[in-house]
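Participant: Here you go, sequence then predicted model.
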Protein chains: 2
Amino acid sequence: MGKPAAEAQTAQKSASNQPKTARGEATRKAILTAAERVIGEKGYNDASIGHITSEAGVAQGTFYIYFTTKEQVFSELVLEMGRLVRHTIAEATQDIDNRLEAEEAGLRAFLEFVQAHPDLYRIVQEALFVDPAAYEEYYRTFAEGYRSGLVAAEAAGQISKGDTETRAWALMGIARALGEQLVVFKSEKPIADLVASAYDLIANGIKP
Amino acid sequence: MGKPAAEAQTAQKSASNQPKTARGEATRKAILTAAERVIGEKGYNDASIGHITSEAGVAQGTFYIYFTTKEQVFSELVLEMGRLVRHTIAEATQDIDNRLEAEEAGLRAFLEFVQAHPDLYRIVQEALFVDPAAYEEYYRTFAEGYRSGLVAAEAAGQISKGDTETRAWALMGIARALGEQLVVFKSEKPIADLVASAYDLIANGIKP
DNA sequence: CTGAAACATGAATCAGTATTCATGTTTGAC
DNA sequence: GTCAAACATGAATACTGATTCATGTTTCAG
């Protein structure tokens, strides 16, 4: 994982649903947090508004004060995941000049993040079916930042020459597969070991 | 992608729904094919039984002669994808003794398969949410075959030593990411180019 | 203090759709 | 040819769950 572009606090959500008082703010966040947990655990379709609001400790109708639709809360979670992940990786790699080292640190940060937020991870995966546009945006944004990092590293002679676009996708694929090991397959292997093996593969390949 | 274990034509489906005549056989297959297309396109939840049966050209009730549940037809599609993909790769790599070459040929075969069956590809992804057991089975089976291939190659000195389990997951992750490029992101890049870049990464890594 | 805007409630609405079933039609073994 | 088993039909059932709404309650600017 590399150094994706940092990012501003991003746009205001769509419609007329932003809270105007501290109480509203708190309620909205409670619903969002509950949605993350419930949707992450049960999946989009089995997570009913009732489940979400009861987990949040509010009445069902309250949901529609802050969100116009079940899909909207989902999309917002996908966006949040994107922001958080990019921020996490950017922070973990900001002081590292060498690309290969940055790759290693970024991968570690990503896996730690995923382990800490398993629900968000699953939500992004499900976005392919629930909100394809958000899914594409998530990966495209990520890939672009990644790719430009590789281009710079290539120019600086820190990595060999190659097709940076395909490399970016492949490296993201590795990160994703290892994240899935942790979250979906509940692997017990320590993150440090995963990172070490993946790093060796990324740096040296597997030829004898 | 490597040489997964081959496989027998696999078990009889669960309950009492196997056709007993040629007509029944044909109808069942028509429904299965329609389900593949419709579910692949609309996703599990938006694909109603009505959509599927009308695409298949049969009445709604006919569905329940051959499948006990909407989920069952989905699971069957996931299993089918597993069989097909393993078979395809096994065939593409059976005459190749060198592991790195097998890796290349297997990846190419996988990508060609995925491009030819985009619906099946999406169905497997959605299985994580619709039928997690089938999803796990799909990837576990695949990973085991993959890993044992790597172990053999390592023993034969065809690849460097390393953590074969993590390597297997990482390599599968690369294949998956590139497949997604084709199916989800509609990349125009020729498969040959994707394979060449990925092969270079897998064999040599990216260090300068 | 006060009243209008914000916020909260939860029961009712309303639509979609998986599954069942009573009723035909077709097939193939004998 | 015949008839029981297979197969097919599509309307009816049954249930789930997103969204709305009429009715309170709380907040806070002035």
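Facilitator: Looks like it came in fine.
Participant: all helices of chain A, in order?
Facilitator: In chain A, the segments counted as helices under DSSP state H are A:22-42, A:49-56, A:63-66, A:70-93, A:99-116, A:118-130, A:132-155, A:164-183, A:191-204.
Participant: Out of those helices, which is the most enclosed?
Facilitator: Greatest average neighbour count among the helices of chain A goes to helix A:164-183 (a mean of 23), per mean count of other C-beta atoms under 10 Å in any protein chain shown. C-beta: built from backbone N, CA, C; applies to glycine.
Participant: Wondering if that one reaches chain B at all.
Facilitator: Yes. Helix A:164-183 comes into contact with chain B (C-beta under 8 Å from any C-beta of the partner chain), by way of A:165-167, A:169-170, A:172-178, A:180-181.
Participant: That helix - contacts with which helices or strands?
Facilitator: helix A:99-116, helix A:118-130, helix A:132-155, helix A:191-204, helix B:164-183, helix B:191-204 (3 or more C-beta pairs under 8 Å, 6 or more residues apart in numbering or on different chains; DSSP states H and E).
Participant: the domain parsing of chain A - what is it?
Facilitator: A:14-68, A:70-204 (automatic domain parsing).
Participant: can I get these in JSON lines with mean pLDDT and distance to residue B:143?
Facilitator: Output for the domains of chain A, formatted as JSON lines (pLDDT from 0 to 100; distance: least, C-beta to C-beta, whole Å):
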{"stretch": "domain A:14-68", "mean pLDDT": "93", "distance to residue B:143": "23"}
{"stretch": "domain A:70-204", "mean pLDDT": "96", "distance to residue B:143": "9"}
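Participant: Dump these into a markdown table; add distance to residue B:115 as well.
Facilitator: Formatted as a markdown table, the domains of chain A follow (distance: least, C-beta to C-beta, whole Å):
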| stretch | distance to residue B:115 |
| --- | --- |
| domain A:14-68 | 28 |
| domain A:70-204 | 15 |
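Participant: closest to residue B:148 out of those domains?
Facilitator: domain A:70-204 (17.3 Å; C-beta to C-beta).
Participant: ok, the nearest residue to residue A:59 once chain neighbours are set aside - contacts?
Facilitator: In space, and not counting its chain neighbours, residue A:59 is closest to residue A:53: 6.4 Å by C-beta to C-beta, 6 or more residues apart in numbering or on different chains. Residue A:53 makes contact with A:31, A:34, A:59-60, A:62-63, according to C-beta atoms under 8 Å, 6 or more residues apart in numbering or on different chains.
Participant: Distance of residue A:53 relative to DNA strand C?
Facilitator: 7 Å (C-beta to the nearest atom of the strand, to the nearest Å).
Participant: Could you list the contact residues of chain A toward DNA strand D?
Facilitator: Within chain A, the positions near DNA strand D by C-beta under 7 Å from any atom of the strand are A:21-23, A:45-50, A:60-61, A:63-64, A:68-71.
Participant: again, only using 6 Å
Facilitator: A:21-23, A:46, A:48-50, A:60-61, A:64, A:69-70 (C-beta under 6 Å from any atom of the strand).
Participant: ok, those residues vs chain B, which is closest?
Facilitator: Chain B lies nearest to residue A:46 out of these, by C-beta to the nearest C-beta, at 8.8 Å.
Participant: so what's residue A:139 up against?
Facilitator: A:172, B:185.
Participant: ok, now residue A:30?
Facilitator: A:56-58.
Participant: Then residue A:113?
Facilitator: Residue A:113 sits next to A:84-85, A:88-89 when contact means C-beta under 8 Å, 6+ apart.
Participant: What separation is there between it and DNA strand C?
Facilitator: In this view, residue A:113 and DNA strand C are 30 Å apart by C-beta to the nearest atom of the strand.
Participant: How about residue A:78?
Facilitator: When residue A:78 is compared with DNA strand C (using C-beta to the nearest atom of the strand), they lie 23 Å apart.
Participant: Tell me who's in contact with the nearest residue to that residue once chain neighbours are set aside.
Facilitator: Nearest residue to residue A:78, sequence neighbours excluded (C-beta to C-beta, 6+ apart): residue A:134, at 4.2 Å. By C-beta under 8 Å, 6+ apart, residue A:134 lies in contact with A:75, A:78-79, A:127.
Participant: Farthest-apart pair in the residues you listed, please.
Facilitator: Maximum pairwise distance among the contacts of residue A:134 (C-beta to C-beta): 9.9 Å, between A:79 and A:127.
Participant: possible to save the residues of helix A:164-183 next to chain B as CSV with distance to residue B:102?
Facilitator: Shown next, in CSV, are these (distance: C-beta to C-beta, whole Å):
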residue, distance to residue B:102
A:165, 25
A:166, 20
A:167, 22
A:169, 22
A:170, 18
A:172, 24
A:173, 19
A:174, 20
A:175, 25
A:176, 24
A:177, 20
A:178, 23
A:180, 24
A:181, 23
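Participant: Which single residue of chain A approaches DNA strand C most closely?
Facilitator: Scanning chain A for the residue nearest DNA strand C gives residue A:61, at 1.7 Å (criterion: C-beta to the nearest atom of the strand).
Participant: what's the burial count for that residue?
Facilitator: Residues contacting residue A:61 under the criterion other C-beta atoms under 10 Å in any protein chain shown number 9.
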